[in-house]
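# Sequence and predicted structure, then a few things I'm wondering about:
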Amino acid sequence: MDSSTWSASRSPVSALQAQAADQPLRAAFLLLAAGNSVRMAGRDTAGAAFIDLLAADNAADHDGYRTLSPEALLELQPDVLLFADTGDRDADQVLESMPVLRFSQAQQNGRLVMVDANSLVVGLSMGALDEALRVLRVIAR
């Protein structure tokens, strides 16, 4: 990727980041696994880097990924819930499998967002930037 392509892709993300930085949000990045297992991204993870792209604060205070119950996640009350799933689940299916999250601040404010896990497989790529831009537009509403 040449520098002009990188700069052109970053400018819409940067504009939305600046808007988001006016009111920093706390976000939780969660990997969904079989059996409704949820792993929350802490420091030094692709999920944390994605949260940084959103100009949000990571609700996690640990390194790496940790398994978390839906109840523990609800207790954290992040402003944004980002779910990465390698399957085809949507937000309604996530809520169906973890109904306690219907009471989350993120859900009540329309900030429970599915993230394309495939865009993050290789780290922060053009696909990840595109996905961050899409998510920023959703949470900026």
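Ah, there it is.
# ok but A84 is inside a strand, no?
Yes - under DSSP: H, G, I helix; E, B strand; the rest coil, A84 falls within a strand.
# didn't V94 look like it was pressed against F83?
Yes - at 5.6 Å, V94 and F83 qualify as touching, with contact defined as Cβ atoms under 8 Å. Heads up, the C-betas are built off the backbone N, CA and C, glycines and all.
# shared neighbours, the two?
Listed as contacting both V94 and F83 by Cβ atoms under 8 Å, 6 or more residues apart in numbering are L32, L112, M114.
# Okay, and the beta partners of the second one?
Going back to what we said before, that points to L112. Beta-bridge pairing for L112 (DSSP bridges): L81.
# isn't it right next to A91, touching?
Yes - counting by Cβ under 8 Å, A91 is a contact partner of L112 at 5.2 Å.
# quick one: contacts for the most centrally placed residue in the chain?
A centroid search over the chain (Cα atoms, centre = their mean) returns L82, at 3.1 Å, as the residue closest to the centre. For L82, the contact set (Cβ under 8 Å, 6+ apart) comprises A27, A28, F29, L30, G47, F50, I51, V113, V115, V135.
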